[in-house]
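**Student:** predicted model and sequence follow; I will ask about them next.
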Amino acid sequence: MATVSSSVSTMSVFRTAKLLTLNAARTLGVLEALRRSEWRQNQLLILAYHGVSQHDEHLWNNELFVSPECFAERMRALEQYGCRVLQLNEALEMLWANALPPCSVVLTFDDGGCDFYRQAFPILRHFGWPATVYLTSYYSGYNRPVFDVMCSYLLWKGRDRVLETSGLMANTAKLALKDPAIRESAVRDIQLFARESRFSATQKDDLLNTIADRLDVDYQTILAKRILHLLSPAELAELSVGGVDIQLHTHRHCAPKSRDYFLAELEENRDVITKFTKVPHHFAYPHGVYEEHFDEWLGSFEVLSATTCEPGLATSLSNHYKLPRLVDTSSLELLELEGWVSGFSTFLPRKRVAIPSHIPPFYY
Ligand SMILES: [Zn+2]
């Protein structure tokens, strides 16, 4: 216990010190001066979002979802900072030619949730800004809730209830879902059970219905709002006509260790995307996880760039297949975003985010 509390307090001291430094830099005009500097002009900030809530998703998972109010506030802030929001391909060509405009930013959205169409896109249209959706395509064609995340969402929705687990996981138990640790472990056990039982997508969908029933969660309303669904082919076609750039994120949200499987994932993904828009040449790593040899595999597939989830600004010297990207979440203070927009935060010490040993497939 001592170790945990000391690491938590170290983290908050570290974060507080960082925020104080950023605040001082803003007060002294350093952030503004950097935003206008030639040094910043030669760099590109790529921002990553996942979802913009349709209902209460940001309260369930504030790392995956931001509220529409929070998202609109971020966009207003970028406008106030004088950012030039560019389309990904155009921005990368300018970056590699050392021809970027001042304070340039690219907006990217991972996975392709249908909330992008309903929530983010109208806000982006208001600002007249382009965006890239890195689409994972399996659940776009099979347009039902994404199993792994819906499983977690339903248990959160039923957090004041007790879940009877027979037929849902290997062990039968009655779990009080109030405790977040019990919920988290139950979600993992249900996902594992579905995987080890080799459930089809339809069987997994039935499992979600059973969970919602047992927890007395109003699942029909969740389905009607298409919460945790991906963009349908019709929505993708409309977005593409509306100028949204659709790029690669694998078919099943995974980066297989075998070259053949990895390239097959990309090919299935590209086949879906090219049904309604131009051939994609840019990629984002699912979960931000990458390995050195992916560079060659991506190059052989005519991929021109790949983005990670490691915060930073890209320069013309950055590896094209390891471009840094800042994941903007509800837990990031606006001041921290301002720090990254200016480039000031690249000088601040950072704690490396550990990649979890257990990474669920997430989208299949
Ligand atoms: Zn993703």
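**Tutor:** Happy to help now that I have it.

**Student:** middle-most residue in the protein, spatially?
**Tutor:** With distances taken as CA atoms, centre = their mean, residue 50 lies nearest the centre of the chain, 3.4 Å away.

**Student:** count of neighbours near the closest residue to that residue other than its chain neighbours?
**Tutor:** Using CB to CB, 6 or more residues apart in numbering and skipping residues adjacent in sequence, the residue nearest residue 50 is residue 64, 4.6 Å away. Bear in mind the C-beta positions are built from the backbone N, C-alpha and C, glycine included. Under the neighbour criterion other CB atoms under 10 Å, residue 64 is assigned a count of 22.

**Student:** residue contacts, residue 64?
**Tutor:** Shown here is residue 64, whose contacts under the criterion CB atoms under 8 Å, 6 or more residues apart in numbering are 50-51, 57, 149, 329.

**Student:** how much space separates it from residue 146?
**Tutor:** 11 Å (CB to CB, to the nearest Å).

**Student:** give me the contacts around stretch 164-178.
**Tutor:** By CB under 8 Å, 6+ apart, the list of residues contacting stretch 164-178 reads 155, 158-163, 182-183, 186, 189-190, 192-193, 196, 207, 210-211, 214-215.

**Student:** ignore the last one, stretch 293-311
**Tutor:** When contacts are defined by CB under 8 Å, 6+ apart, stretch 293-311 is touched by residues 46, 48, 88-89, 92, 108, 134, 248, 255, 259, 262-263, 266-267, 281-285, 287-288, 290, 319-327, 340, 345, 350, 353.

**Student:** and the strands in this protein?
**Tutor:** 44-49, 51-52, 65-66, 84-86, 104-111, 132-135, 162-164, 174-176, 245-248, 282-284, 305-307, 326-327 (DSSP state E).

**Student:** and the ones you listed: which comes nearest the ion?
**Tutor:** When the strands of the chain are ranked by distance to the ion, counting by CB to the ion, first place goes to strand 104-111 at 4.0 Å.

**Student:** gap between the closest one and the chain center?
**Tutor:** Strand 104-111 sits 10 Å away from the centroid of its parent chain (CA atoms, centre = their mean, to the nearest Å).

**Student:** now swap in stretch 62-70 and tell me
**Tutor:** Taking CA atoms, centre = their mean, one finds the center of stretch 62-70 at 11 Å from the center of the full chain.

**Student:** ok, it near the ion or not?
**Tutor:** No - among the residues of stretch 62-70, none lie within reach of the ion under CB under 5 Å from the ion; the closest is 9.4 Å away.

**Student:** same check on stretch 125-140?
**Tutor:** No - contact check for stretch 125-140 against the ion, using CB under 5 Å from the ion: none in range, with a minimum separation of 5.9 Å.

**Student:** contact residues of the stretch 201-350 of the chain facing the ion?
**Tutor:** Within the stretch 201-350 of the chain, the positions adjacent to the ion are residue 286 by CB under 5 Å from the ion.

**Student:** change it to 8 Å
**Tutor:** Remark: the part of the stretch 201-350 of the chain in contact with the ion comprises 249, 253, 284, 286-287, using CB under 8 Å from the ion.

**Student:** give me the local confidence score for residue 154.
**Tutor:** We note a pLDDT of 98 for residue 154 in this prediction.

**Student:** sorry, that was for residue 358
**Tutor:** At residue 358, the pLDDT value in this model is 41.

**Student:** over to residue 15?
**Tutor:** Per-residue pLDDT puts residue 15 at 89.

**Student:** ok, how many other residues are close to it?
**Tutor:** By other CB under 10 Å, 13 other residues sit near residue 15.

**Student:** likewise for the one 4 residues further on?
**Tutor:** By the criterion of other CB under 10 Å, residue 19 has 14 neighbours.

**Student:** wait, isn't it in contact with residue 334?
**Tutor:** No - proximity of residue 19 to residue 334 does not meet the contact threshold set by CB atoms under 8 Å, at 10.8 Å.

**Student:** mind listing what's buried in stretch 340-350?
**Tutor:** Neighbour-count burial for stretch 340-350, with 16 or more other CB atoms under 10 Å as criterion, is recorded at 340-346.

**Student:** got it, and stretch 290-300?
**Tutor:** In stretch 290-300, residues buried by neighbour count (16+ other CB under 10 Å) are 290, 294-295, 297-298.

**Student:** what's the farthest-apart pair in those?
**Tutor:** Greatest spatial distance in the buried residues of stretch 290-300: 290 and 297, 10.5 Å, computed using CB to CB.

**Student:** filter the contacts of stretch 164-178 to the buried ones?
**Tutor:** 155, 158-159, 161, 163, 182-183, 186, 189-190, 193, 207, 211, 214-215.

**Student:** among those, which are in helices?
**Tutor:** Restricting those to those inside helices, with DSSP state H as the criterion, leaves 155, 182-183, 186, 189-190, 193, 207, 211, 214-215.

**Student:** possible to save the residues you listed as JSON lines with distance to residue 26?
**Tutor:** Shown next, in JSON lines, are those (distance: CB to CB, whole Å):
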{"residue": "155", "distance to residue 26": "40"}
{"residue": "182", "distance to residue 26": "42"}
{"residue": "183", "distance to residue 26": "38"}
{"residue": "186", "distance to residue 26": "43"}
{"residue": "189", "distance to residue 26": "46"}
{"residue": "190", "distance to residue 26": "45"}
{"residue": "193", "distance to residue 26": "50"}
{"residue": "207", "distance to residue 26": "49"}
{"residue": "211", "distance to residue 26": "46"}
{"residue": "214", "distance to residue 26": "50"}
{"residue": "215", "distance to residue 26": "45"}
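
**Student:** and those, which two are the farthest apart?
**Tutor:** Checking those against each other with CB to CB, the farthest-apart pair comes out as 182 and 207, at 18.6 Å.

**Student:** picking up where we left off before, the residue nearest to the centre of the chain reaches residue 112, doesn't it?
**Tutor:** No - taking CB under 8 Å as the definition, residue 50 is not a contact partner of residue 112, at 10.0 Å.
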